[in-house]
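J.: All I have is the shape, not the residue letters:
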């Protein structure tokens, strides 16, 4: 349940009563943490594309006894959420897996309320990956080779209409990224970053 590349909760500043959406919720750990912050009057929605993970997350929620969290089957490129419903969107090392990242951010914009925000932790590319690494399917599915550059992400967010954009690479993350694939030098090309933006 704890896989990820950062802690979106730290930058999300979730307030009591807010509605939170987690993109790629997996086993539900980030949703359960967010549920504590949003409280009984708030709500947390987790979206994942695999029925197995939705089943697992729902089972975890039942075992923990969380009442203000629900899990929906769907793709982050086509969110199963109505327009203007969400106060804050979190995601932990998932958007890099999407081949349509700009569409993911566009969907995020659609479902956010005015003044809503995104608080994402993800892997980004800091230098051009060698073909051997870039085309490795294991590295792509393991959240290492599918990232986008900081500049591309900023461009997506600007074009979509977000404001107060802040993409912050965490250089210290290279230390744990090195452990993901020892002796590959993958840490020379990618870094964990926090991505923040607000819908006007």
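T.: Received the coordinates, thanks. A quick note: this is a predicted structure, and the numbers were derived from the prediction, not measured.
J.: what about the top helix by length along the chain, average pLDDT?
T.: Determined from DSSP state H, the single longest helix within the chain is helix 51-64. Averaging pLDDT along helix 51-64 yields 97.
J.: got it, and stretch 31-40?
T.: pLDDT averaged over stretch 31-40 gives 94.
J.: if we can go back for a sec, could you look up the next helix or strand downstream of the longest helix of the chain?
T.: strand 69-73 (DSSP states H and E).
J.: give the contact list for the closest residue to residue 158 other than its chain neighbours.
T.: Nearest residue to residue 158 in three dimensions, chain neighbours excluded: residue 165, at 6.7 Å (C-beta to C-beta, 6 or more residues apart in numbering). The C-beta positions use only the backbone N, C-alpha and C, and glycine is treated the same way. Neighbouring residues of residue 165 by C-beta atoms under 8 Å, 6 or more residues apart in numbering: 154, 157-158, 196-197.
J.: how about the strands of this protein, start to end?
T.: 19-23, 43-48, 69-73, 86-92, 112-125, 148-149, 163-170, 190-198 (DSSP state E).
J.: And the contacts of the second one?
T.: Pointing back at strand 43-48 there. 19-26, 28, 30-31, 34-35, 38, 54, 57, 68-76, 79-81, 86.
J.: Could you pull up the mean pLDDT of that strand?
T.: Mean predicted confidence for strand 43-48 is 98.
J.: from here on, count from 354
T.: Yep, numbering from 354; the last one is strand 396-401 now.
J.: Just to check, residue 466 is in contact with residue 437?
T.: Yes: at 5.1 Å, residue 466 counts as touching residue 437 under the criterion of C-beta atoms under 8 Å.
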